[in-house]
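I would like to see how this sequence folds:
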Amino acid sequence: MEIKDKTIALLIDSDNVSEKYFAIILDELSQYGKVTYRRLYGDFTNPKANGWRQALLEYSIEQIQQVAFTTGKNATDSKMIIDAMDILYKGNIDCFCLATSDSDFTNLAMRFRNENLVVIGAGEAKTPASFRKACDIFIPIDELMQTEGDDRKEGERAKPGKSRPKSPAIKKRNAIIRTARQILDEEADADGWMHFAAFMNDLRRKENDFTPKLYGSNSRPIQFFKTLTEHNKPAFIVEKMNNVDKIKINRD
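A predicted model of the protein is given here:
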């Protein structure tokens, strides 16, 4: 299943996600469909939530206030889960994005997948593997922000006549090439071709946090795989055949 043209409900746990990541989340979701719900959950009487004030106005986010009635209990999680189930039963959403680094939402993500809905997670590196794996796609928000910062710093350091050092994003490319080659070796047809959408589905099952931005590219996946090189030649061939995009290993 190609993940695009979805109707997305974005639910944000303000206790675990900073406002500085919101633009990154929204930009990543734009490639999968239209975000119709933008809800932020938290206790906004708490000064820790003050950073979200500007984002609430700038991005038209609906603020859902939840006061912590009992010390030590996470009322925000409960309210967010209840709202998510209400949205589910309305039946006008086919994709949920749960922006949180909290493993407490793992069961909710699994519930949505049981309903054949697409589940996108968005969280920091500290997000437990249980929640990451329960999602169809995981957006590593702090890694994406770090990658953007590294690109800017390298651009500032670069001087005429001097080669730029390889960034961590560039070094990661060999790993994704190996993963892609493994998928194609196992799943391609007799001529070596595989439908690109099916290839991406398999890739996301192995690497559900995949995005070209983690590899130093702002292009879409098709263009990204076209530009990957190995031994100074294209690693893959991507072509449109009968209006269907296909990919194969470049064995020339």
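
which segments of the protein make up each domain?
With domains defined by automatic domain parsing, the chain comprises 6-144, 166-249.

dump the ones you listed to a markdown table, plus mean neighbour count and mean pLDDT.
From N, CA and C alone the C-beta is placed, and that goes for glycine too. Formatted as a markdown table, the domains of the chain follow (neighbours: other Cβ atoms under 10 Å; pLDDT from 0 to 100):
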| stretch | mean neighbour count | mean pLDDT |
| --- | --- | --- |
| domain 6-144 | 18 | 89 |
| domain 166-249 | 15 | 91 |
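
CA atoms of stretch 222-229 as CSV?
The C-alpha trace of stretch 222-229 is given here as CSV (Å, rounded to 0.1, in the frame of the first residue of the first chain):
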residue,chain,number,x,y,z
ILE,A,222,12.1,8.1,-6.2
GLN,A,223,14.6,10.9,-6.9
PHE,A,224,16.7,9.9,-3.8
PHE,A,225,17.2,6.3,-5.1
LYS,A,226,18.0,7.6,-8.5
THR,A,227,20.9,9.7,-7.2
LEU,A,228,22.4,7.0,-4.9
THR,A,229,25.8,5.9,-6.2
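
which secondary structure elements does the helix or strand that Ala23 is a member of sit against?
Element membership for Ala23 (DSSP states H and E) is helix 22-29. Under the contact criterion of 3 or more Cβ pairs under 8 Å, 6 or more residues apart in numbering; DSSP states H and E, helix 22-29 touches strand 6-13, strand 95-99, strand 118-123, strand 137-140, helix 141-157.

contact partners of the lengthiest strand in the chain?
Longest strand in the chain, counting residues (DSSP state E): strand 33-42. The contact list for strand 33-42, computed with Cβ atoms under 8 Å, 6 or more residues apart in numbering, reads 4-15, 26, 29, 49, 52, 56, 59-66, 76, 79-80, 83, 87, 92-93, 95, 97.

one more pass at 6 Å, please.
Applying Cβ atoms under 6 Å, 6 or more residues apart in numbering, the external contacts of strand 33-42 come out as 5-15, 29, 49, 61-64, 76, 79-80.

all strands for the stretch 101-250 of the chain, in order.
118-123, 137-140, 194-195, 229-230, 233-234, 236-241, 244-249 (DSSP state E, counting those that start in this stretch).

given the fourth one, what are its sheet partners and their directions?
Strand pairing for strand 229-230, determined by DSSP bridges: strand 233-234 (antiparallel).

before we move on, what about the first one?
Here the strand partners of strand 118-123, with direction, are listed using DSSP bridges: strand 95-99 (parallel), strand 137-140 (parallel).

how much space between Asn208 and Tyr37?
Using Cβ to Cβ, to the nearest Å, one gets 22 Å for the distance from Asn208 to Tyr37.

still on that earlier bit, the helices and strands packed on helix 22-29: which one's closest to Trp193?
Judged by Cβ to Cβ, the one of these that comes nearest to Trp193 is strand 137-140, at 24.8 Å.

who's in contact with the closest one?
By Cβ under 6 Å, 6+ apart, the list of residues contacting strand 137-140 reads Glu28, Ile120, Gly121, Ala122, Arg132, Asn208, Asp209.

related to what we said a few turns ago, next SSE after the longest strand of the chain?
Proceeding N to C from strand 33-42, the next assigned helix or strand is helix 53-58, under DSSP H and E.

I'd like the next helix or strand past that following helix.
Downstream of helix 53-58 (by DSSP H and E), the next one is strand 62-65.

wait, Ile177 sits on His231?
No: checked against Cβ atoms under 6 Å, the pair Ile177 and His231 is beyond contact range at 10.7 Å.

and the nearest residue to Asn208 once chain neighbours are set aside, bridged to which residues?
Distance criterion Cβ to Cβ, 6 or more residues apart in numbering; nearest residue to Asn208, sequence neighbours excluded, is Phe138 at 4.9 Å. For Phe138, the beta-bridge partners under DSSP bridges are Gly121.
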